[in-house]
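> Build me a model from this:
(chains A and B)
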Amino acid sequence: MEFNVALFMFLVIAAVGTAMAGRLLHAVISLAVVSAVVSVVLFHLHAPMAAVFELSVGAGLIPAVFLSAIGATQRLTPETMQDRRREILQLYWSLPVIVALAALAMTQVRLVGLPTPPAAAPPGDVRTVIWNLRHMDLMGQILALLAAAVTVVVLIKELEHEH
Amino acid sequence: MLPLFLLVPFVSLLILNMLRGRAARRIAFTLVSVVALGQIVAVLWPPARDLPATEPLSAFLALGLHSDSLSQVLLLSIGIVVMAAVAVGRATLSYDKHRVNFVSVLLLSLAAMNGTVLLSDMFSLYVFVEVTSVCSFTLVAFDRTRDSLEGAFKYLIVSVVATVLMLVSVGLLLLVAGGTSFDAVANALRNGGASPLARTAVAAFVCGLFVKGGVVPFHGWLPGAYSTAPPSASVLLAGIMTKVSGVYGLIRLTVSVFPPNAELNWVLLLAGAVSIAVGAFGALRQTDMKWLLSYSSISQVGYIVLGLGCGTPLGVAAAILHLFNHAIFKSLLFINAAAVEQRTGTTNMRLLGGLGSRMPTTSLTSTIAVLSTAGIPPFSGFWSKLVIVIALWQSQHYAYAAFAAMLSVVTLTYLLTMQRRVFFGKTAAHLLETREARLGLVLPEVALALVTTAVGVLFPWIVGTFLFPLGGIR
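Predicted coordinates:
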């Protein structure tokens, strides 16, 4: 139970950190941490293959796409960085408070009558799941990554070249 | 054959990006035109669907796709609107590199939209709707002007809310049904549809689709996104993309997944009626052609949702027919706006006037599209609106039927106002030198005007051949 609480807190801190990070790079790192923690949760819930996918995609591939976009942006000066931090604090000061209150409320809620979720696929069946059952999702994921890559090229890389 | 609807655009995208450089620039538009034309032929000419040469490939790549009359109508609409967007892109995008990038996004959109209308699983639907949405954001922001980036950002933020709602819904449906296939979810909802968990899941998914489709009260992002996107993207977005990512899902789930549900029908009727009114009265206040057409889209989507809310086979068939008709005449109106913008440099109606004598084809095709949108016979829009009103009347929703018929007058008012301010009357002094749009824009204008007229004139044949089978009516 303590392990779950610790994981949950770590997840929340990383998620809030993503929203409140001053630098885009820090936000991406925090987001990768969120994915890493989620993959630990998935391991803990006996879904090792889902955890591996979460780790490779959420903490690997997606940050790579973000970093390629950040690579095309300009670094903020110390003055603008300070302004940015102030702006974020003004906008999001209430976020940690809201999250803490929501977490507290969730510990008090007892959900009854929920159906049991279907069991996660055992590791041996994952190939069957991916290639025979969820192949359209795989195709969709490939298209989503291509869409992200094309978007980075269209909106950011071309701008970089034109400049 | 069905996997080819996904794989051909996908492989074309890879080929285009492997070539790059001058070769890519040369073949980009031809490649996507051939792909879209092939799609239209494959839908309209049944032997093309069952070519023996495609059988081994289909067996090897059995992606579990499913096609019925609804999918066929959507595939046809997608093919036609993509063809129109290609023509507009060819005529309006001047910088070579932009052309290749635009075609890349177009091919991705084509694969994503085709996937959306062919699959039969809630989670896969969510994934493909998201890919379609990502392509939409890119298309809106394509010009990278301040307005287009703002429009795309608003769309992105609102869309994220829809994403969360749909994902939560899929999770809940997995709990309720133990699977996410349409059949599994339909069975579970039929057997335990009244449980709070199931109702929450249905409500969340429907709300998500309302956001994606720009149905009131989730329509705030739509006018900015449509009107700030480049002309070719506006045609694609207004014509088909938001229909596929929002309205198609509503129709598909109502037909194939959700059991008959009076509460859901009540929500659809109300949302449809409010959308018609908000869109129509919003359009009345606009002074820019593209903004007016964007609000008009909200109103017309309202008609589709209203037809769906009847809960009868005729209502469903009418909604699908209006979706197709709207894809055609709204694409045509956005091409007309692109033609006006290209020749005059503006779509602000205060600065326009009397273009009818200078741009006769654009004016004529715009008139046809206006009359079709307003539901004037013999154009296609008349029949779909008439069938919607009949379906509402037959299902004893008399007030909604009267409301839909009355709001058609408001549609006619704002569209005729647009027509008068842009094309009729005396030509403004600064527009005397204006010429007809380029052939690249005139051709799709004429083609779409012919389609909307042909569907209207041939309706007595269409009603038995296509419309009734759409609703499963014998």
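> Going by C-alpha atoms from here, please, whenever you check contacts or count neighbours.
Fine.
> how far away is the closest residue in space to residue B:33 that isn't next to it in sequence from residue B:451?
Counting by CA to CA, 6 or more residues apart in numbering or on different chains, the nearest residue to residue B:33 once its immediate chain neighbours are dropped is residue B:83, at 6.0 Å. Here residue B:83 is placed at a distance of 13 Å from residue B:451 (CA to CA, to the nearest Å).
> Look at the two and report which has more neighbours.
Neighbours were counted for residue B:83 and for residue B:451 using other CA atoms under 10 Å in any protein chain shown; residue B:83 has more, 22 against 17.
> Which elements pack onto the helix or strand containing the more buried one?
Secondary structure from DSSP states H and E places residue B:83 in helix B:69-92. For helix B:69-92, the packing partners by 3 or more CA pairs under 8 Å, 6 or more residues apart in numbering or on different chains; DSSP states H and E come out as helix B:21-44, helix B:96-118, helix B:231-236, helix B:313-344, helix B:439-457, helix B:468-470.
> So what touches stretch B:415-430?
B:289, B:349-350, B:352-357, B:363, B:366-367, B:370, B:374 (CA atoms under 8 Å, 6 or more residues apart in numbering or on different chains).
> and the gap between the residue nearest to residue B:33 and residue A:11?
Residue B:83 sits 47 Å away from residue A:11, going by CA to CA.
> Now the helix holding residue B:83 - C-alpha only, PDB.
In PDB, the C-alpha atoms belonging to helix B:69-92 read as follows (Å, rounded to 0.1, in the frame of the first residue of the first chain):
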ATOM      1  CA  SER B  69     -23.300   1.300 -46.900                       C
ATOM      2  CA  LEU B  70     -22.400   4.000 -44.400                       C
ATOM      3  CA  SER B  71     -18.700   3.400 -44.800                       C
ATOM      4  CA  GLN B  72     -19.100   3.500 -48.600                       C
ATOM      5  CA  VAL B  73     -20.800   6.800 -48.500                       C
ATOM      6  CA  LEU B  74     -18.100   8.200 -46.300                       C
ATOM      7  CA  LEU B  75     -15.300   6.700 -48.500                       C
ATOM      8  CA  LEU B  76     -16.900   8.400 -51.500                       C
ATOM      9  CA  SER B  77     -17.200  11.700 -49.800                       C
ATOM     10  CA  ILE B  78     -13.600  11.500 -48.600                       C
ATOM     11  CA  GLY B  79     -12.400  10.800 -52.100                       C
ATOM     12  CA  ILE B  80     -14.400  13.600 -53.700                       C
ATOM     13  CA  VAL B  81     -13.400  16.200 -51.100                       C
ATOM     14  CA  VAL B  82      -9.700  15.200 -51.100                       C
ATOM     15  CA  MET B  83      -9.800  15.600 -54.900                       C
ATOM     16  CA  ALA B  84     -11.300  19.100 -54.500                       C
ATOM     17  CA  ALA B  85      -8.700  20.000 -51.800                       C
ATOM     18  CA  VAL B  86      -5.900  18.800 -54.100                       C
ATOM     19  CA  ALA B  87      -7.100  21.000 -56.900                       C
ATOM     20  CA  VAL B  88      -7.400  24.000 -54.600                       C
ATOM     21  CA  GLY B  89      -3.900  23.300 -53.200                       C
ATOM     22  CA  ARG B  90      -2.500  23.100 -56.700                       C
ATOM     23  CA  ALA B  91      -4.000  26.500 -57.500                       C
ATOM     24  CA  THR B  92      -3.300  28.300 -54.300                       C
END
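> In it, which residues are buried?
Applying a neighbour-count criterion of 16 or more other CA atoms under 10 Å in any protein chain shown, one finds B:70-92 buried in helix B:69-92.
> Residue B:140 reaches residue B:146, doesn't it?
No - the pair residue B:140 / residue B:146 is not scored as a contact, 11.3 Å apart, by CA atoms under 8 Å.
> measure residue B:435 to chain A for me?
32 Å (CA to the nearest CA, to the nearest Å).
> my guess is that residue is in a helix, correct?
No - counting by DSSP: H, G, I helix; E, B strand; the rest coil, residue B:435 is not part of a helix but coil.
> How about the contacts made by it?
Residue B:435 is in contact with B:343, B:358-359, counting by CA under 8 Å, 6+ apart.
> Give me every residue in the stretch 1-150 of chain B lying close to chain A.
Applying CA under 8 Å from any CA of the partner chain, one finds that the stretch 1-150 of chain B approaches chain A through B:63-64, B:98, B:101, B:104-105, B:108, B:112, B:119, B:123-124, B:127-128, B:130-131, B:134-135, B:138, B:141-142, B:144.
> can you do 6 Å?
Neighbours of chain A within the stretch 1-150 of chain B, by CA under 6 Å from any CA of the partner chain: B:124, B:127-128, B:131, B:138.
> burial count for residue B:194?
Neighbour count for residue B:194, taken as other CA under 10 Å: 12.
> That one: what's it in contact with?
By CA atoms under 6 Å, 6 or more residues apart in numbering or on different chains, the contact set of residue B:194 is empty.
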